[in-house]
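[1] coordinates only, sequence not included:
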């Protein structure tokens, strides 16, 4: 998850042809991650660390629990 957050933090611009998204066009950074309902307490500890890491980097980390 840290790697996904780092990609968002280091984003400069992306696009294809004339359709380019630049950093100054982005108002909020967010990573959405789905985790299984069977996630262990140790895994939740790491997920919570990633949430804090994201907050420190101004990236919202949204977790969705799935079946």
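    Nice, thanks for sending it over. None of the values given here were measured: they were computed from a predicted structure. Residues are numbered from 1 along each chain as shown.
[2] close enough to count as contact, residue 8 and residue 31?
    Yes - assessed by C-beta atoms under 8 Å, residue 8 is found in contact with residue 31 at 6.0 Å. All C-beta atoms are positioned from the backbone trio N, CA, C, and that covers glycine.
[3] mutual contacts of those two, please.
    Listed as contacting both residue 8 and residue 31 by C-beta atoms under 8 Å, 6 or more residues apart in numbering are residue 59.
[4] burial measure for the nearest residue to residue 63 once chain neighbours are set aside, as a count.
    Residue nearest to residue 63 in three dimensions, not counting chain neighbours: residue 33, with 5.6 Å by C-beta to C-beta, 6 or more residues apart in numbering. Residues lying near residue 33 (other C-beta atoms under 10 Å) number 14.
[5] and residue 15, that one's in a strand?
    Yes - secondary structure of residue 15 (DSSP: H, G, I helix; E, B strand; the rest coil): part of a strand.
[6] what comes up buried for stretch 8-18?
    Across stretch 8-18, burial judged by 16 or more other C-beta atoms under 10 Å covers residue 8.
[7] so which strand or helix has residue 38?
    Secondary structure assignment for residue 38, by DSSP states H and E: no helix or strand.
[8] endpoints of stretch 22-31, how far apart?
    18 Å (C-alpha to C-alpha, to the nearest Å).
[9] mind listing what's buried in it?
    29, 31.
[10] and for stretch 53-65?
    Neighbour-count burial for stretch 53-65, counted by 16+ other C-beta under 10 Å, picks out 53, 54, 59, 61, 63.
[11] show the end-to-end separation of it, please.
    Start-to-end, stretch 53-65 (C-alpha to C-alpha) is 20 Å.
[12] how far does that stretch sit from its chain's centre?
    Distance of stretch 53-65 from its chain centroid, counting by C-alpha atoms, centre = their mean, to the nearest Å, is 6 Å.
[13] what bridges to the residue nearest to the spatial centre of the chain?
    For the chain, residue 31 is the residue whose C-alpha lies nearest the centre (C-alpha atoms, centre = their mean; 2.4 Å). Bridge pairing for residue 31 (DSSP bridges) gives the partners residue 61.
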